[in-house]
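> Structure for the following, please:
(chains A and B)
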Amino acid sequence: MSAMVTRVVLEEEESARGVEGELLEISMGPHHPSTHGVFRMDVRLDGERVTRLKPVFGYLHRNHEKIAEKASYLAAIPYTDRLDYLCSMTNNWGYALAVEKLAGIPVPERAEYIRVITAELTRLQNHASLIGFLLQDMGASGTPLMYAFREREKILDLFESLTGARMMCNYMRFGGVRVDCSSEWLEAAQNIASSFPQFLDEYEQLLTGNEILMARTQGVGALSAELAVNAGITGPMLRASGVNYDLRKVDRYGIYDRFTFRVPLGDHGDVYDRYMIRLLEMRESVKILEQALAAIPEGPIIDPKTRLRGLRPKAGEAYGRIEGPKGELGFFLISDGSTNPYRYKVRPPSMINLTVLEDMCLGRNVADVVVILGSVDIVMGEVDR
Amino acid sequence: MTQAPVQQLDQIFVMLKHWLVGYVPAAAQPVVSSLLSVVAILALFPALFAFTTVLERKGLGRMQNRYGPNRVGPFGLLQPLADGIKSLTKEDVVPRTADKAVHFMAPLLLVAASFLAYAVLPVGRNMAAVNLDAGVLYFFAVGAVAELAVFMAGWSSHNKYSLLGAMRAIAQMISYEVPLILSSLAVIMAAGSLSTVEIAGRQAGYSGIWPHWYVLTPWGLAGFLLFMIAATAETNRSPFDLPEGESEIIAGYYTEYSGFKFALFFLGEYLGMFAISGLGITLFLGGWSAPFSFLTWIPSWIWFFAKLLALIAVFIWMRGTLPRLRMDQLMNFAWKFMLPMALLVMVSAGVWRFLPHGVLRWIVCFVMIAVPYVLLGRGLLQGKKIGKRTYRFAE
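Numbering: from 1, shown residues only, chains lettered A, B, ... in the order given. Predicted coordinates:
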């Protein structure tokens, strides 16, 4: 039964009953243990069954886009860190790509490799912690989350030694990256890449075959490929619904055409598929990491002639997009020839993926809502901007 | 005294009580005797609760690559003291719209009911506060009061999450009480008595080095597993912690409790867990008797508490490993799986009693439980497309 039909049926049931007072209206959030930040869902419950769900966001709105329009092109980079605060590296990259397109700035070889390495490390830690949080929402009392955080910690340490910050890396610049990485750093990254599959095996052993996990996630929150495409869903969520769409393959931005990796696809589009797609994607990310670390050349990390401060791109517009861990992260810029963009717009994958929440949740119960929300993978910093 | 020192050590608390009671006039002796038992229970089990909170937090911590509490006192052992002081000094917030009298009474009722259950638990040889003829029945009757307390808390808080939690709790506790009682019925049939003291006494003999515990029979093992699963649900422990499912309904029925009332809910819940584990030990694990005949020199009360701690460790282990079930799955599990299995265990216990000793009765009773278990499990999973999946890859 499609979500639309479900909604109609539920509304008919409701009106047939004739007493709205029988339904329980709950405002889940903004202070709720598992709304992943300050997110609110106005839920109407029949017993525990959801008959209506209205997402309410904006609690974390910080005027990100307007601030970036008032700042110079360079000064906007640290603000992008705060969008999806788990993945500052990919945010930087998306923005840098847009500015590079706008101003026609070339990127040196070595910088491209470093970008791929940091972006894939970001993807690893994002997916690992997402699965941890998902299990936390399922009531697994923290064990999977702490396992995931143990691995994430190693990657964050790596980021810290490279950029000076664990989460707000502010690392990439249009035309390259901020600082070069040492050979020791590359070695440490290699260590993580080679030890990560062990962690994934351990994780899968604990979780993937668990009957409770399968019973809680299989067939829950199914999203059809049609609805997913129509709603503009991207990232692992779209691929879990069976649509082969990965910007690393579609756009081949940066140097992704040099690496061999596969794109895992689900058939059911339910929570279990989203969970598994992320696990499989992590294994592919490790492959990319291994290849990039083996092939990274010596050379400059940024063209010294690139104007970072006071960049004045010619009037025009550009849209830079990358495959962020959460989906298609896009930055749209319009330049009027001055030092700051005339218009700066973010396409946040978290928020757009959240728009189908009601369709996935209708007719399910409260426990499912929490799990479905957890499987969407949102960070409120990006949803509200 | 002609008793061997081993027996003296075994009966040391009983002797201590007799000695103390000897000092009061004969007319007051029964009252004083019960009071002493009450004091012992009131002192011992909250202390065990305090210890268990540290054990649980440290155990979970170790399972999750972290240290757990280690700041207060040596190895963090004084943490419960700090927690207690904290909860005592916190403001006691009562919602304006709450039904204040019921809101106040609910935690007290829960703790009181949990304490009452200990009256019939034999924690050692001759160490039950009272030996009721219908001890098991009394235990379940008192245990049912906890459900009332939980619903009082959920209803009186006037909070939607509390109400949802209370609804879940009532549905869950009543559903799981059925297999809980049915699986203990098998033991009652075998022992021919409802008295917990008598049931524990029946299991204290040995064949060779092996004890006569009911868990060492096919129906007893199945009954024990069913009993412990139902007990986990009764005490709202993970993976059946839906009534307080933190990620879903905040804290369930005690969302609106703060300060010491919150701590009382905690206390009540852990006391319930100890009590029901204690009953499980009494019914299936031989109560206070030693696991091997050559270990009988260790005092009986040590055995009881060793078994209790082992069961608590299992509870903690499960909490650290498993995600939570959903309400409908929980109900299906109770009525479609637990209930028929519990009935089968009863029948199997009856067959066991009337078949002659020997290998045959082992085989018959084992088959009686194992075959329906496999068929039932397969039948319940049919139609549900649950299982591992394979994924395609795009190049």
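> from here on, contacts and neighbour counts on C-alpha atoms
Fine.
> Show me which residues of the stretch 251-395 of chain B sit near chain A.
Along the stretch 251-395 of chain B, the residues adjacent to chain A under the rule CA under 8 Å from any CA of the partner chain are B:319-326, B:385-388, B:391-395.
> How about the stretch 1-150 of chain B?
B:60, B:63, B:64, B:65.
> Count the neighbours of the residue lying closest to the third one once chain neighbours are set aside for me.
By that I understand residue B:64. Distances taken as CA to CA, 6 or more residues apart in numbering or on different chains put residue A:143 closest to residue B:64, at 5.0 Å, once the chain neighbours are dropped. Neighbour count for residue A:143, taken as other CA atoms under 10 Å in any protein chain shown: 25.
> what's near enough to touch the closest residue to residue A:62 other than its chain neighbours?
Nearest in space to residue A:62, with sequence neighbours left out and distances taken as CA to CA, 6+ apart, is residue A:385 at 5.7 Å. By CA atoms under 8 Å, 6 or more residues apart in numbering or on different chains, the contact list for residue A:385 reads A:60, A:61, A:62, A:63, A:64, A:65, A:83.
> By neighbour count, which of these wins?
Going by other CA under 10 Å, residue A:83 tops the contacts of residue A:385 with 24 neighbours.
> Spatially nearest residue to that one (excluding sequence neighbours)?
Per CA to CA, 6+ apart, closest to residue A:83 is residue A:382, 4.4 Å.
> so who does the one you found touch?
A:82, A:83, A:84, A:85, A:348, A:350, A:351.
> and it, what element?
helix A:380-384 (DSSP states H and E).
> quick one: least confident helix or strand in the chain?
Because you didn't say which chain, this covers chain A. helix A:3-17 (a mean of 57; mean pLDDT, DSSP states H and E).
> that's the wrong chain, I wanted chain B
helix B:246-249 (a mean of 73).
> for that helix, packing partners?
Applying 3 or more CA pairs under 8 Å, 6 or more residues apart in numbering or on different chains; DSSP states H and E, we find helix B:246-249 packed against helix A:109-137, helix A:366-376, helix B:160-191.
> downstream neighbour of the first one in the secondary structure list?
I take that to be helix A:109-137. helix A:143-163.
> roughly how far apart are the closest residue to chain A within the stretch 201-350 of chain B and residue B:268?
Here the stretch 201-350 of chain B gets closest to chain A at one residue, residue B:323, 3.9 Å apart by CA to the nearest CA. Remark: distance between residue B:323 and residue B:268 (CA to CA, to the nearest Å) = 23 Å.
> out of the two, which sits in the busier spot?
residue B:323 (28 against 25).
> So that one is in contact with residue A:142, correct?
No. Here residue B:323 does not reach residue A:142: they are 9.6 Å apart, not a contact under CA atoms under 8 Å.
> list the residues that contact both of the two?
A:135, A:136.
> Show me the strands in the chain, by range?
All of this is about chain A. Taking DSSP state E as the test, the strands found in chain A are A:24-28, A:40-46, A:49-56, A:172-173, A:176-177, A:263-265, A:316-324, A:327-335, A:343-347.
> Chain B was what I was after
B:206-207, B:210-211, B:392-394.
> can you give me the offset of the last one from its chain's centre?
Just to be clear, that refers to strand B:392-394. 49 Å (CA atoms, centre = their mean, to the nearest Å).
> Which strands or helices does that strand pack on?
strand A:263-265.
> neighbours of the nearest residue to residue A:129 once chain neighbours are set aside, just the number please.
Among residues not flanking residue A:129 along the chain, residue A:148 sits closest, at 5.4 Å (CA to CA, 6+ apart). Other residues near residue A:148 number 25, with proximity taken as other CA under 10 Å.
> in the stretch 51-200 of chain A, what residue is nearest chain B?
residue A:140 (3.9 Å).
> show me what contacts the closest residue to that residue other than its chain neighbours?
Counting by CA to CA, 6+ apart, residue B:323 is the residue found nearest to residue A:140 once chain neighbours are left out, at 3.9 Å. Counting by CA under 8 Å, 6+ apart, residue B:323 touches A:135, A:136, A:138, A:139, A:140, A:141, A:212, A:213, B:238, B:239.
> most centrally placed residue in the chain?
The chain I'm using is chain A. In chain A, the centroid-proximal residue (CA atoms, centre = their mean) is residue A:326; its distance is 2.0 Å.
> my question was about chain B
Nearest residue to the geometric centre of chain B (CA atoms, centre = their mean): residue B:276, 2.5 Å.
> Tell me who's in contact with the nearest residue to that residue once chain neighbours are set aside.
Leaving aside its chain neighbours, residue B:276 sits nearest to residue B:231 (6.4 Å; criterion: CA to CA, 6+ apart). Contacts for residue B:231 (CA under 8 Å, 6+ apart) come out as B:176, B:180, B:273, B:276, B:277.
> any idea which of those residues is closest to residue A:177?
residue B:273 (57.4 Å; CA to CA).
> Please report the distance of the closest one from residue B:250.
22 Å.
> can you give me the mean pLDDT across the biggest helix by length in chain B?
When chain B is parsed with DSSP state H, its longest helix is helix B:29-63. Helix B:29-63 carries an average pLDDT of 88.
> Report all helices and strands that that helix contacts.
Using 3+ CA pairs under 8 Å, 6+ apart: helix B:29-63 touches helix B:12-21, helix B:79-89, helix B:259-283, helix B:300-321.
> tell me the most buried of the ones you listed?
helix B:259-283 (a mean of 23; mean count of other CA atoms under 10 Å in any protein chain shown).
> what angle sits between that one and helix B:160-191?
Going by axes from the mean of the first three to the mean of the last three CA atoms, to 10 degrees, helix B:259-283 is angled at 20 degrees with respect to helix B:160-191.
> list the helices and strands helix B:259-283 packs on?
Packing partners of helix B:259-283 (3+ CA pairs under 8 Å, 6+ apart): helix B:29-63, helix B:79-89, helix B:100-117, helix B:196-202, helix B:218-234, helix B:300-321.
> Tell me if I'm right that residue A:279 and residue A:126 touch.
No. The criterion here is CA under 8 Å, and residue A:279 misses it with residue A:126 at 11.1 Å.
> For the closest residue to residue A:306 other than its chain neighbours, give me its contacts.
Among residues not flanking residue A:306 along the chain, residue A:175 sits closest, at 6.6 Å (CA to CA, 6+ apart). For residue A:175, the contact set (CA under 8 Å, 6+ apart) comprises A:96, A:100, A:105, A:106, A:107, A:108, A:302, A:303, A:306.
> Save those as a markdown table, and put in distance to residue B:149 and neighbour count too.
Converted to a markdown table, the contacts of residue A:175 look like this (distance: CA to CA, whole Å; neighbours: other CA atoms under 10 Å in any protein chain shown):
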| residue | distance to residue B:149 | neighbour count |
| --- | --- | --- |
| A:96 | 60 | 26 |
| A:100 | 65 | 21 |
| A:105 | 70 | 18 |
| A:106 | 70 | 14 |
| A:107 | 68 | 21 |
| A:108 | 69 | 16 |
| A:302 | 68 | 23 |
| A:303 | 72 | 16 |
| A:306 | 71 | 15 |
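> got TSV for those, with pLDDT and distance to residue B:299 too?
Converted to TSV, the contacts of residue A:175 look like this (pLDDT from 0 to 100; distance: CA to CA, whole Å):
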residue	pLDDT	distance to residue B:299
A:96	91	74
A:100	90	79
A:105	89	82
A:106	87	81
A:107	89	78
A:108	90	77
A:302	86	77
A:303	84	81
A:306	81	82
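> Narrow the residues you listed to those in helices?
A:96, A:100.
> of all the contacts of residue A:385, which comes closest to residue B:113?
Nearest to residue B:113 among these, with distances taken as CA to CA, is residue A:60, at 45.9 Å.
> In this structure that closest one contacts residue A:30, no?
No. The criterion here is CA under 8 Å, and residue A:60 misses it with residue A:30 at 10.3 Å.
> shared neighbours of the two, anything?
residue A:38.
> From one end of stretch B:73-85 to the other, what's the distance?
14 Å.
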